[in-house]
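Colleague: could you look at this predicted model? Sequence included:
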Amino acid sequence: MSNLLYTNSQLLLERAMNFQWTKQCAINDNIVNAETPNYKAKYVTFEEALDASIRSALHSSDQRKVSSMRSAISRVQPQVRVAEAESMRMDDNGVNVAEQETEAVRNAYQMEYTIDAITRNLSMVRTLIRGQ
């Protein structure tokens, strides 16, 4: 029964929130280490891996596309990478603080929208359960 209520869209929202949280942590690390010599900025990727995983599930020969899709979404994790080639200062630090602060604000808005979507989904489920 719980799997019926836990839809692919809810799973995608959960994965998106996990990505945004991981991204916020990387941004915070970058800002904190903005004065550390030789520190290289971190960035987080997710969309490309999610896209590839979903395309793979769609093109699979598995007859159970729904469970295949759910599995494809579930196994995708955000990837934290280091921008090795970037240097912003003479001490080889790779953090652009203004860019990181802008990304932090953008990510906070994205997290807010994701939380709103999760709340709406759960509200619809609650309404369905109550039968109203």
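Modeller: The structure has been received and is ready for your questions. This structure is a prediction, so every number in the text was calculated from the model and none was measured.
Colleague: quick one: residue 43 is in a helix?
Modeller: No. If the criterion is DSSP: H, G, I helix; E, B strand; the rest coil, then residue 43 is strand and not within a helix.
Colleague: so who does it touch?
Modeller: 26, 80, 81, 82, 83 (CB atoms under 8 Å, 6 or more residues apart in numbering). In this view, the C-beta of every residue, glycine as well, is placed from N, C-alpha and C.
Colleague: give me the subset of these lying in helices.
Modeller: residue 26 (DSSP state H).
Colleague: the most centrally placed residue in the chain sits in which helix or strand?
Modeller: By CA atoms, centre = their mean, the chain has its centre lying nearest to residue 19, at 1.9 Å. Assigned by DSSP states H and E, residue 19 falls within helix 8-32.
Colleague: now do the buried residues in that helix.
Modeller: Using 16 or more other CB atoms under 10 Å as the burial criterion, the residues of helix 8-32 that qualify are 12-13, 15-17, 19-20, 22-24, 26-27, 29-31.
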